[in-house]
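*Asks:* mind folding the following:
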Amino acid sequence: MSLNFVDAFRGRSVFLSGHTGFKGSWLTLWLDRLGARVTGYSLAPPTEPSNFVSSAVGGILTRNYDADVRDFAALQAALEASSAEVVFHLAAQALVRRGYVDTRATFEVNVMGTVNVLEAVRSIKRPCVVIIVTSDKCYDNTDSSQSHTETDPLGGNDPYSASKAAAELVTAAYGKSFFPAGYLPGDLAIRGVKVASVRAGNVIGGGDWAADRIVPDAMRALACSETISVRNPSSIRAWQHVLEPLSGYLMLAARMLASDDAALCSGWNFGPSAADEVTVEKLVQTLCRAWGRGKWQSDGASKQFAEERALHLSSEKARAQLGWQTRWDFREAIERTERWYHAFYDRPSESTRELCLQDIADYEASGAAACNDLTFTAGARSKSIASRISR
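*Replies:* Okay, the predicted model is just below:
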């Protein structure tokens, strides 16, 4: 699979909400590497430390707005000033358990924040591509072994999941009502606004410091030689390195920039292969082995909020229609993640930007290598990483 977006964003203006978060900071770094002019719109980094700060992401932005997506006037003004050709909407309340505690804010940010982005795009009346980022938890999960496809019913048994399903409905409603791709022949080319939604699995990688998320919790415990507390060791999740879904978002946006194909304006899954859908227990065990030490224990007392036991995601549509596919398997994702955190804790005063950029460069190279039928073993990749990042 070639990275067919490497030249698509050069010189383009990109508006990115949620750029101070985990995924947003990585996407900002990648867009800058691709030559885009990035305007960031978000509240201050949600954690301390944060990848936004440790990788000095603010220094590469064209404009940096410290603002809330619930503030429509501020959002509209920032979007208009950016002259955006592409909009990535990542700003969100992104934690399931926090949704139970701060329920009203979860719906306000995730639902009305999406409304505000789409309404701002509508009011400005300028052609652009809009990518709305939601979650694999937007589906009505019956806890079956079947992988969710983009046409499956939406749902949500907890506030966070329901808010993401609602954001999907909002996106579809705006698409049909105001940007009616596929409904009026030729209308897409005339109006010029193209909207799609994207859903990913459980994203891991360096620079995630969120509370109540297993990888950051594990890294903090390992760094302090403490026992990792695990809420639901038997839960199955679709684990993937952060660059995997981001490559899908970029690939889709690039295709939408270049084409008036209305079929692109729809929902898309960018999840890992079935082999990378493993239990939390296996994730923690693999992290401990990669770190070189560590232990964990199940914490049944922390299960005060219900969480889905299993989540499966099908990305067949993206593979068939975009040519997208995963590149780094579960173990590669773990190795990359562990090495990032190990380097951070070994040298906490140093910038982590080069760690991120090296992963991005390696990810891009892995795609080129695959296209040339070159085979790299996980051991060879790990050796290559180790030679670049000294402990």
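*Asks:* which SS state does residue 320 fall under?
*Replies:* Going by DSSP: H, G, I helix; E, B strand; the rest coil, the secondary structure assigned to residue 320 is helix.
*Asks:* next, count neighbours for it.
*Replies:* Other residues lying near residue 320 total 9 when counted by other Cβ atoms under 10 Å. Every residue, glycine included, has its C-beta placed from N, CA and C.
*Asks:* ok, now residue 348?
*Replies:* The local packing count at residue 348 equals 11, with neighbours defined by other Cβ under 10 Å.
*Asks:* before we move on, what about residue 53?
*Replies:* The number of residues packed near residue 53 is 18, by other Cβ under 10 Å.
*Asks:* checking the closest residue to it other than its chain neighbours next. Helix, strand or coil?
*Replies:* Taking Cβ to Cβ, 6 or more residues apart in numbering as the measure, residue 53 lies nearest to residue 45, with 5.9 Å between them; neighbours along the chain are not counted. For residue 45, the assignment made with three-state DSSP gives coil.
*Asks:* by residue count, which strand of this structure is the longest?
*Replies:* Of all the segments assigned as strand in the chain under DSSP state E, the longest by residue count is strand 193-200.
*Asks:* give me the number of residues near residue 150?
*Replies:* The local packing of residue 150 (other Cβ under 10 Å) involves 18 other residues.
*Asks:* that older thread, so the residue nearest to residue 53 makes contact with residue 56?
*Replies:* No. Under the criterion of Cβ atoms under 8 Å, residue 45 is not in contact with residue 56, lying 12.0 Å apart.
*Asks:* below-threshold pLDDT in the stretch 151-300 of the chain: ranges please.
*Replies:* 180-191, 300 (pLDDT under 70).
*Asks:* for it, which segments count as helices?
*Replies:* With DSSP state H, counting those that start in this stretch as the criterion, the stretch 151-300 of the chain has helices at 159-177, 187-191, 214-223, 243-258, 280-291.
*Asks:* name the helices or strands packed onto the longest one?
*Replies:* Going back to what we said before, that points to helix 159-177. For helix 159-177, the helices and strands in contact under the criterion 3 or more Cβ pairs under 8 Å, 6 or more residues apart in numbering; DSSP states H and E are helix 96-101, helix 103-107, helix 113-124, strand 193-200.
*Asks:* tell me which of those lies nearest to residue 218.
*Replies:* Distance to residue 218, taken as Cβ to Cβ, is lowest for helix 96-101 among the helices and strands packed on helix 159-177, at 16.0 Å.
*Asks:* report the buried residues of the closest one.
*Replies:* 96-100 (16 or more other Cβ atoms under 10 Å).
*Asks:* go on, stretch 71-91?
*Replies:* Buried residues in stretch 71-91, defined by neighbour count with 16+ other Cβ under 10 Å: 72, 74-76, 78-79, 82, 84-91.
*Asks:* what about residue 45 and residue 56, which has more around it?
*Replies:* Neighbour comparison, residue 45 and residue 56: the larger count goes to residue 45, with 21 against 13 (by other Cβ under 10 Å).
*Asks:* contacting residues around the more buried one?
*Replies:* 20-21, 52-53 (Cβ atoms under 8 Å, 6 or more residues apart in numbering).
*Asks:* nearest to residue 112 among these?
*Replies:* Nearest to residue 112 among the contacts of residue 45 is residue 21, at 17.9 Å by Cβ to Cβ.
*Asks:* return the subset of the buried residues of stretch 71-91 lying in strands.
*Replies:* Secondary-structure check on the buried residues of stretch 71-91 using DSSP E: residues within strands are 86-89.
*Asks:* okay, those in a markdown table with pLDDT next?
*Replies:* Written out in a markdown table, the entries for these read as follows (pLDDT from 0 to 100):
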| residue | pLDDT |
| --- | --- |
| 86 | 98 |
| 87 | 98 |
| 88 | 98 |
| 89 | 98 |
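*Asks:* the residue nearest to residue 102 when sequence neighbours are not counted: neighbour count?
*Replies:* Taking Cβ to Cβ, 6+ apart, and ignoring the residues beside it in sequence, residue 102 has residue 93 as its nearest neighbour in space, at 7.1 Å. A count of neighbours around residue 93, defined by other Cβ under 10 Å, yields 21.
*Asks:* residue 236 is in contact with residue 313, isn't it?
*Replies:* No. Proximity of residue 236 to residue 313 does not meet the contact threshold set by Cβ under 8 Å, at 11.3 Å.
*Asks:* who has more neighbours out of the two?
*Replies:* Relative neighbour count places residue 313 above the other of residue 236 and residue 313, with 23 against 20, counting by other Cβ under 10 Å.
*Asks:* quick one: contacts for the nearest residue to the more buried one once chain neighbours are set aside?
*Replies:* In space, not counting the residues next to it along the chain, residue 313 is nearest to residue 271; the distance is 3.3 Å by Cβ to Cβ, 6+ apart. With contact set as Cβ under 8 Å, 6+ apart, residue 271 has these partners: 136, 199-201, 238, 240, 245, 313-315.
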